[in-house]
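Asks: Let's see this in three dimensions:
(2 chains)
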Amino acid sequence: MRIPYFPGCAMKTTAKNCEVSAMAVASKLGIEMVELPRWNCCGVFPSLVNDDLMRHVAPIRNLIRVQEMNKSGIVENEYRLVTLCSMCYHTLKEANLFVKDKEKLTKINTFMDREEEYEGGVKVLSFLELLKEVGYEKIAKEVKKPLKGLKVAPYYGCLLLRPREIGIDDPENPTILEKLLEVLGADVVDNPCKVQCCGSYHTVDKKSIVAKLTYDNLRYPIENGAEIIATCCPLCTFNLDSRQKEAKELYRDLKEIPIVYYTQLMAIAFDLEKKFFGLDLDLYYKNPKPLLKAKNLY
Amino acid sequence: MELAEKVKNISGENVLSCYQCGLCSGSCPLRFAMDLSPTQVIRLTQLGLIEKILSSNTFWICSTCFSCFARCPREINITKIMEALRQIKLRRDQDYIDLKNVSKEELKKIPPIALISNLRKTTA
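Replies: Numbering: from 1, shown residues only, chains lettered A, B, ... in the order given. Okay, here's the model as predicted:
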């Protein structure tokens, strides 16, 4: 299967570990994720206003690239666009829903006169949805090194789940990630904070708010026995990991915990080459390696 | 145009259907940092007292997590109301943050995704 793939800024910078592991995992499952030619910023943050079409131009441009890929034969009749980043997923899907209104679509198409017209036929997918579609049985067959004895708590964050028309699963109690982690052989720990906000972009100028949320969001899964958190979103990952430093300054009882992407856990469970784990990159506040070594997984 | 009308136009939401149950405030993970609760913001919007809201920090603190909207029994997209309030301020050309106040060291560390979304939300 060859499928158009939108990376976004995070996958090329602070979430390289997510991309490297996801690409390797996908290829093992027979999925070739083909990067969009000339992709631009997804347009983050999703626009929430009714009167400003400008905010939808960036995501729509990316959706036009999917049409072009089909026309030039890079992919064959594949109008699905897969994303790894939750923010990109949300922004692209929101814009795609926005232009279901024909009047709005016409306005945007008229505005972007150097582009071909967007026809509205692209489907935005998250990698988790694609994996579900591939099937857990097929994934289970690739698990060569089950994550036995590794107590993993799932963490979804907001943008992959809410609002309902954009979300990939139940907005209050999703289970798609738990199912995947179980297939990988992990001991899945209940995380009451799995759909909570990580503090998002406040990490730029309101670190104390993010530190408090980090403390709250980590403390309960840790109390439930979690040794590691599996995340989906590059911003959640940054906040949950890096802001542990600030959280510890405010709340001394916080125990540190490593944060990894679910894609990294997949690469480990598939027993791929270590370079695909993304653990050697200088991206971590709390290094996950010692825990994984102790569990004979690294 | 009256500000209440503006909020309605920008957000596309009708706040009059809110019956003040308070579930939005109870669901808001950032309520602790807000001066007015989301429920109070909606009440003031119903009353047309928008200027009162504009001097609060509530809509700046909202991080667009959609928890309130997910639970609102009246299905009001409160997240959109918060965005409309931000927009009214920003369209008056009043930026909320100044990156000069963020250290260079921090700026190097912060993911672009955070920086860009912050600027999209807090600068005109």
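
Asks: Just the helices from chain B, written as ranges.
Replies: If DSSP state H is used as the criterion, the helices of chain B fall at B:3-11, B:23-27, B:38-46, B:50-54, B:58-61, B:67-71, B:78-91, B:104-109, B:112-122.

Asks: closest one to A:Gln67 among those?
Replies: helix B:112-122 (25.3 Å; C-beta to C-beta). (C-beta placed from N, C-alpha, C; glycine too.)

Asks: one step back: now the weakest link among the helices of chain B, please, by mean pLDDT.
Replies: When these are ranked by mean pLDDT, helix B:104-109 comes last with a mean of 91.

Asks: could I get that helix in CSV with only the CA atoms?
Replies: C-alpha atoms of helix B:104-109 as CSV (Å, rounded to 0.1, in the frame of the first residue of the first chain):
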residue,chain,number,x,y,z
LYS,B,104,16.6,32.6,23.9
GLU,B,105,17.5,29.3,25.6
GLU,B,106,13.8,28.5,26.0
LEU,B,107,13.1,29.5,22.4
LYS,B,108,15.7,27.0,21.2
LYS,B,109,14.2,24.2,23.1
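
Asks: Tell me if that helix is near chain A.
Replies: Yes - contact of helix B:104-109 with chain A (C-beta under 8 Å from any C-beta of the partner chain) involves B:Glu106, B:Lys109.

Asks: how far away is the residue of chain B most remote from its centre from A:Lys104?
Replies: Most distant residue from the mean C-alpha position of chain B: B:Glu105, 28.6 Å away (C-alpha atoms, centre = their mean). Using C-beta to C-beta, to the nearest Å, B:Glu105 is found at 42 Å from A:Lys104.

Asks: cool, B:Val102 as well?
Replies: Taking C-beta to C-beta, one finds B:Val102 at 35 Å from A:Lys104.

Asks: what does A:Ala267 give?
Replies: Taking C-beta to C-beta, one finds A:Ala267 at 40 Å from A:Lys104.

Asks: Between those two, which is the more surrounded one?
Replies: Between A:Ala267 and A:Lys104, counting by other C-beta atoms under 10 Å in any protein chain shown, A:Ala267 is the more crowded of the two (27 against 15).

Asks: Could I get the buried residue list for the helix or strand of chain A with the lowest mean pLDDT?
Replies: In chain A, no helix or strand scores lower on mean pLDDT, DSSP states H and E than helix A:102-111, which sits at a mean of 94. For helix A:102-111, a neighbour-count test (16 or more other C-beta atoms under 10 Å in any protein chain shown) marks A:Leu105, A:Ile108, A:Asn109 as buried.

Asks: Now do the same contact list for the residue lying closest to B:Ile42 once chain neighbours are set aside.
Replies: Excluding the flanking residues, the one nearest B:Ile42 by C-beta to C-beta, 6 or more residues apart in numbering or on different chains is B:Cys18, at 4.8 Å. Residues in contact with B:Cys18, defined by C-beta atoms under 8 Å, 6 or more residues apart in numbering or on different chains, are B:Ile42, B:Arg43, B:Gln46, B:Arg74, B:Ile76.

Asks: who touches the second one in this structure?
Replies: Counting by C-beta under 8 Å, 6+ apart, B:Arg43 makes contact with B:Cys18, B:Gln20.

Asks: Check the third one too.
Replies: Going by C-beta under 8 Å, 6+ apart, B:Gln46 touches B:Val15, B:Leu16, B:Cys18.

Asks: if I look at it, how far off is A:Pro290?
Replies: B:Gln46 is 55 Å from A:Pro290, by C-beta to C-beta.
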